[in-house]
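Engineer: coords please:
(chains A and B)
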Amino acid sequence: MKNNNFLSGINSKISNFKICNKMKLWIMVPIIIILVAVIVVSIVGGTSGSITEGLNIGIDFEGGTLISVKFGDESFTSNENYSLNVKTVTDEIESFGVKVSYVQSSEASVRENSTITFRYKNISKDDTEIATLNSDIQAALKALYPTRAEAADFIMAESIGQTASTELIKKAVLALLISTILILIYIIFRFEAVSGVAAILTMFHDVIIMFALTVICRVQINSSFVAATITIIAYAINNTIIVFDRSRELIKPFKGNKVISYESIGDKAIKDTLTRQVYTTFTTLITVALLAIFGGASIREFTVPIIIGLFVGFYSSIFIATPIWSQLSYVAEGMRAKRLAGKNAVTYETLDETGNIVEDEMVEEKPVKKPKANSTYKYTKRNTTFKNKK
Amino acid sequence: MNKKKSIVILSLVSVIIILMSVFALVEFPIGLYDYTGYAKTIKLGLDLSGGISAVFNVEDDGLENLEGRANGTVNTLQALLVSKGYTEAIVSYSDQKIRVEVPDVDDPERIFELIGRPQSLEIKDGSGDDATTIIVGKDHISNAYVTVDQSNSSYYAVGLSFNSVGSEIFATYTANHVNEKLYIFVGGELQEAQSSGITINEAITGGSALISGNYTYDDAYALATSIQSGTFAVELDLIESRTVSATLGENAINMALIAGIIGICIIFIFMVFAYRMLGVAADIALAIYIVLLLWFCAVLPWVQLTLPGIAGILLGIGMAVDANVVIFERIKDEFKTTNKPIKSSVMAGYKRGLAAVIDGNITTIIGAVILWVVGSAAISGFAIVLFISILISMFTALVVTRILMNCFLSFNSSNPKLYNLKRGEVK
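Structural biologist: A predicted model of the protein is given here:
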């Protein structure tokens, strides 16, 4: 059982490892990723002079036209031949007053089907004008290569006007908002408010980091990316829920206790569910990764964001969701205590005297303290309460 | 469950899997008809079958009943495409947009000639700007077609059929204006072939007319189709168009198949490795999941497999395994931390893992449904597949695996090694 030995090795290491109280450390990873993304965008955007270029926004969102010209074998035989063809076509397209912003070649498994794709932004806001311009350009290209133009699908075109692209963005944002709200309601209903908020914060983290990593990997941001994002939101929340489900179960015996170490409960929940997280991420990853390896460029546009998202979801369910949950639980408990204290202001003075280190602004507000950093609370199977094992 | 019953269930399950997989692929004749494997009848989206798609904005011209006229145009368009041989074409209308999808097109240009550049047809009594319009294409003409030029059979002409209003106006006008000239404007421009006008020889009462001008077949075809599309009751603006080569889609499907088969094999081996007999149960359930998913995709009318849809299936496989992993980990935990025998551990594992599996899957379902409803065509294709696969995976993981587990346990429920279970620190 290679797998099991390997994992149990990790498991034993992790059992002594605290995750929930090192939130600042874990949050550094997404922050660094975002910073790198910003740098990449500003470098690429700076050199090409447009921010959409920097973000690599696809024509779905920007509005524009993609023309794929099937050159087949001949243009891939030598570099000179290739660049000559690219230059001829680019010049021809640009003679119509548009600017070619992107050229990509894709070699098909059948060389005869290899294409070069040219992308240019629409220069007009009027959809009819765009359509006319595009058909003119295509006709001109066919005239340029009269022999090849006879082949079936010599030119494949994809054109999206202003109206279509704004609509796509509207729909994507709408889908995102509605699903966020409904998922939040469901989690609050099945768990509690703290878990709901933590899950949604994790979801936003996933979306932002997925976006950042996709930009860093220079994969196009288009409608496939939107589909991938929403898939990952729906999928990654599974991971979070598995951990929260364990916390929900672990916390049951302690309901009503005055001092609950949410951190050790979180750590225990993470440890208990780690095998599942690794196995599931692996089995999901394997098929998607194979598809990305075997599939062509258009499949990769969709699978690469999903692969990124799977890793992000794995990371966030352990290092983001659970620490947020444990920290927020203290805040929530503090608020509950405050409310109680308002009604019956006796109990919490004594608590303030027992153990108090004031280390961050959240702590000041709440009467119930976090356990001290140097005292460890160990959850054992035999005891149903936490013992201070100083 | 006793052994006999288990053997019956296990053989039944294997027969179902084998039959379902055979029926997915084979072809054979039944009487007059040919049965085609259901996996092959799954409808493919444009990106896989190749073809063209176009979205037109319906211009709001301020006149009444835009909705009704747009729907009328959808019918005209559909009929037009079918009459030209594109029987698989789909034309739909929503939100002031008309979407046209035509699969398996070899020559996309032809289609765009047909629908992409609708031309208005007008017949006027003069060639200048002050001429009066007599016939307007979208109000008075019902059809335009290519026919042989009767005066010179080596050329072609375009025939026009008027609707009842059109034929009446045309009959009255031609009766009153014999020997005068008519001018034909297509797309606002005077037809070159008849720039000097057509002389009316006699009253034309039959409800049809010919435009002859020594056209070649291609010219006549182009003119006829552009007049025909000019009969649309609304004005259309092309806002989105796509041409997808069929070879791209064919490649994509083959690649997805290879990736899927290899991936599934790896998952099968992995599950047996990690969970032994539990893993075998999960693998059989996964096989059922796959044949069921294929069958549902083929049978449900609103499923159209697209590129993202393939990814949805692959993701669904991952999720189907996930439900099993969650429960198996629970069973292992249960066995490790209590003194329970294997059977009770399995029962308890299912009971305790259920909440997590259901909660996780419902959030995914919420996402899928929202995508289905709100998303654009390509995205909702993916969402439907995801939605179906989650429902099936919940069924296979919670019901099928459990039945299979009980069968295995009826053969041997005393050897924990068989299920890769270990005793640990007992509570």
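Engineer: Assign the spatially most central residue of chain A to helix, strand or coil.
Structural biologist: Taking C-alpha atoms, centre = their mean, the centroid of chain A lies closest to residue A:210, which sits 2.6 Å from it. Three-state call for residue A:210 (DSSP: H, G, I helix; E, B strand; the rest coil): helix.
Engineer: wait, isn't it in contact with residue A:230?
Structural biologist: No: contact criterion C-beta atoms under 8 Å: residue A:210 and residue A:230 do not qualify, at 10.7 Å. In short, each C-beta sits where N, CA and C put it, glycine included.
Engineer: how many other residues sit next to the closest residue to residue A:260 other than its chain neighbours?
Structural biologist: The spatial neighbour of residue A:260 that comes closest, neighbours along the chain excluded (C-beta to C-beta, 6 or more residues apart in numbering or on different chains), is residue A:254 at 5.0 Å. Residues near residue A:254, counting by other C-beta atoms under 10 Å in any protein chain shown, number 17.
Engineer: so residue A:254 touches residue A:262, yeah?
Structural biologist: No: using C-beta under 8 Å as the test, residue A:254 is too far from residue A:262 to be in contact (9.7 Å).
Engineer: Give me the domain ranges for the chain.
Structural biologist: Defaulting to chain A. Following automatic domain parsing, one gets these domains for chain A: A:2-38+A:165-378, A:64-160.
Engineer: try again with chain B
Structural biologist: Domain ranges of chain B: B:3-42+B:245-419, B:104-244, per automatic domain parsing.
Engineer: check contacts around the residue in the stretch 151-300 of chain B that chain A sits nearest to.
Structural biologist: Residue nearest to chain A within the stretch 151-300 of chain B: residue B:263 (3.3 Å; C-beta to the nearest C-beta). Contacts for residue B:263 (C-beta atoms under 8 Å, 6 or more residues apart in numbering or on different chains) come out as A:286, A:287, A:290, A:291, B:314, B:317.
Engineer: how about it, secondary structure?
Structural biologist: Assignment for residue B:263 (three-state DSSP): helix.
Engineer: Looks to me like residue A:318 is in a helix.
Structural biologist: Yes: counting by three-state DSSP, one finds residue A:318 located in a helix.
Engineer: For it, which non-adjacent residue is spatially closest?
Structural biologist: Nearest non-adjacent residue to residue A:318, counting by C-beta to C-beta, 6+ apart: residue A:270, 5.4 Å away.
Engineer: Over to residue B:183: give its phi and psi.
Structural biologist: Here is the backbone geometry of residue B:183 (degrees, to the nearest 10): phi -120, psi 140.
Engineer: That one and residue B:189: what is the separation?
Structural biologist: 11 Å (C-beta to C-beta, to the nearest Å).
Engineer: Looking only at neighbour counts, state which of these two leads.
Structural biologist: Taking neighbours as other C-beta under 10 Å, residue B:183 and residue B:189 compare with residue B:183 leading, 20 against 9.
Engineer: Now do the helices in the stretch 251-400 of chain B.
Structural biologist: Using DSSP state H, counting those that start in this stretch, the helices of the stretch 251-400 of chain B run over B:277-299, B:307-337, B:342-374, B:377-395.
Engineer: May I see the ones you listed organised as TSV, with distance to chain A and mean neighbour count added?
Structural biologist: Listed next are those as TSV, based on distance: least, C-beta to the nearest C-beta, whole Å; neighbours: other C-beta atoms under 10 Å in any protein chain shown:
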stretch	distance to chain A	mean neighbour count
helix B:277-299	10	22
helix B:307-337	3	25
helix B:342-374	3	21
helix B:377-395	5	24
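Engineer: Make TSV from the ones you listed and add mean pLDDT to it.
Structural biologist: Formatted as TSV, these follow (pLDDT from 0 to 100):
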stretch	mean pLDDT
helix B:277-299	90
helix B:307-337	84
helix B:342-374	87
helix B:377-395	82
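Engineer: Would you format these as TSV with distance to residue A:17 included?
Structural biologist: TSV is the format used below for the helices of the stretch 251-400 of chain B (distance: least, C-beta to C-beta, whole Å):
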stretch	distance to residue A:17
helix B:277-299	28
helix B:307-337	20
helix B:342-374	23
helix B:377-395	33
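Engineer: related to what we said a few turns ago, by mean pLDDT, show me the worst of the domains of chain B.
Structural biologist: For these, mean pLDDT drops lowest on domain B:104-244, to a mean of 74.
Engineer: Quote the end-to-end distance of it.
Structural biologist: End-to-end distance of domain B:104-244 (C-alpha to C-alpha, to the nearest Å): 9 Å.
Engineer: Poorly predicted segments of chain A, please.
Structural biologist: Low-confidence segments of chain A (pLDDT under 70): A:1-16, A:72-78, A:102, A:104-113, A:125-128, A:148-153, A:161-164, A:296-298, A:342-390.
Engineer: Mind doing that once more with 50?
Structural biologist: A:1-3, A:345-370, A:372-377, A:380-387, A:389-390 (pLDDT under 50).
Engineer: biggest helix in it by residues?
Structural biologist: helix A:262-294 (DSSP state H).
Engineer: Could you report the neighbour count for residue 191?
Structural biologist: No chain specified, so I'll use chain A. Neighbours of residue A:191 under the rule other C-beta under 10 Å: 19.
Engineer: Chain B is the one I meant
Structural biologist: 17.
Engineer: Quick one: the strands in the chain, in order.
Structural biologist: By default, I'm working from chain A. Ranges of strands in chain A, per DSSP state E, are A:64-70, A:100-106, A:115-121, A:155-160, A:377-378, A:387-388.
Engineer: Oops, wrong one, chain B.
Structural biologist: In chain B, the strands defined using DSSP E lie at B:27-30, B:33-36, B:51-58, B:90-94, B:97-103, B:121-124, B:133-136, B:141-148, B:156-162, B:181-186, B:189-190, B:198-199, B:208-215, B:236-244.
Engineer: Kindly present these as TSV, with separate columns for distance to chain A.
Structural biologist: TSV is the format used below for those (distance: least, C-beta to the nearest C-beta, whole Å):
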stretch	distance to chain A
strand B:27-30	26
strand B:33-36	26
strand B:51-58	6
strand B:90-94	11
strand B:97-103	8
strand B:121-124	18
strand B:133-136	20
strand B:141-148	21
strand B:156-162	22
strand B:181-186	16
strand B:189-190	14
strand B:198-199	29
strand B:208-215	20
strand B:236-244	4
